[in-house]
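K.L.:
how would this look folded up:
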Amino acid sequence: MTGGLAPGVFALVFLAVLLGSTVQAVVGLGIGLVAAPVITLLAPQLMPGVLICLAFVLPVITLAEERRDIDWHGLNWSLPTRVLGTFAGVWVVGAFTTDQLGVLIGLMVLVAVALTWRAVEVPVNRGTLGVAGFVGGVTGTATSIGGPPFALLYQHRPPRQIRTTMAVYFLVGAGISLVGLTLGGHLTRHQVAVGALLLPAVVLGVVLGVPLRRVLPTHRVRTAVLVVSAASALVLVVRSLA
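P.N.:
Sure, this is the predicted structure:
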C-alpha cells in the first residue's frame, strides 16, 4: 500500500509529512515547509495536490482540539483575497514545467525561511492582511506553501491564537485551492489516493505535537524546522536546475 511509489520513497515522504505535521501542531505551520521540498524531489507528480489535500485535513484535527482565540477580523480581510490568489496559482501550475515548479517551490521555501528567520515585523492592518491573503493564495495553490505570508503578520501574537487562526486560514484556503485545481484539471486521483495513505502520518504528527508544545521551547523547534527546510529547498533548487 504505497500508492504506486517505491517503498523507500513512500517511507521518506511519510516521514516528511510526519515531521511537518508535528511541527505544525506545535507552532501553527510547517507541513508545507518541511514536506514540499522532499516530495517534489522524490515524487514531483504528487505536487501540489497531495499536500493541499493534507493541508485541508490537518486544520480540522487542530480545530477539533482547540477553537478559542481565533482572530476572525484578520480572516475577514485575508480570505477574500486568498480566493483571487488561487486563480493566479492555478495558472502557475498549468504554465510551469515540473522542474520550473521545483525551482519555484525551493525559492519560495528559502524566501519564507529568510523572512521568518529575520522575524521582520510587519503591521497587521487591512492592507497587509489583504496582500498576505493574495500571496498565500498564489503560493499555496501553486506550491502548497501558503502559510508564511500570513504567519509573518501573526508571529508576535499568542501561540494559541496563531495556531487556531492559521488553522481556519489553512482549512478554508486549502478548500479553495482544491476546487481551483480540480476545475483547472490539475488535481489527479493519484494525488488524492496517496494523500489518503498519508493521513496516518498527519494524525500521528498531531498526537506527537500536542504534548511537545507544552515542554519544548517554541524557538528551538522553529530553528530546527527552518534549518531542515532551507537545506531541503537548496537541494531541490540545485536538482531542478541541473
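K.L.:
CA atoms for contacts and neighbours, from now on please.
P.N.:
Will do.
K.L.:
Can you pull the poorly scored residue ranges out of the protein?
P.N.:
116, 118-120, 218-219, 221-222, 224-226, 228-229, 242 (pLDDT under 70).
K.L.:
Walking through it, point out its helices one by one.
P.N.:
7-27, 31-42, 49-65, 72-95, 98-118, 126-143, 148-154, 159-183, 189-197, 199-215, 218-241 (DSSP state H).
K.L.:
Give me the distance from the longest one to the chain's centre.
P.N.:
The reference is to helix 159-183. 9 Å (C-alpha atoms, centre = their mean, to the nearest Å).
K.L.:
Buried residues, that helix. List them.
P.N.:
By neighbour count on 16 or more other C-alpha atoms under 10 Å, the buried set for helix 159-183 is 159-178, 180-181.
K.L.:
between the helices of the chain, which one is nearest to Met1?
P.N.:
helix 189-197 (7.7 Å; C-alpha to C-alpha).
K.L.:
orientation of the closest one relative to helix 7-27 in degrees?
P.N.:
Interaxial angle of helix 189-197 relative to helix 7-27 (axes from the mean of the first three to the mean of the last three C-alpha atoms, to 10 degrees): 60 degrees.
K.L.:
center of this protein, which residue is that?
P.N.:
Nearest to the mean C-alpha position of the chain, by C-alpha atoms, centre = their mean, lies Gly32 at 3.1 Å.
K.L.:
contacting residues for the nearest residue to it once chain neighbours are set aside?
P.N.:
Closest residue in space to Gly32, ignoring its immediate chain neighbours: Ile145 at 5.0 Å, by C-alpha to C-alpha, 6 or more residues apart in numbering. Residues near Ile145 by C-alpha atoms under 8 Å, 6 or more residues apart in numbering: Gly32, Leu33, Ala36, Ile105, Met108, Val109, Gly136, Thr139.
K.L.:
Verify the contact between the fourth one and Pro37 for me.
P.N.:
Yes - Ile105 lies in contact with Pro37 (C-alpha atoms under 8 Å); the separation is 6.9 Å.
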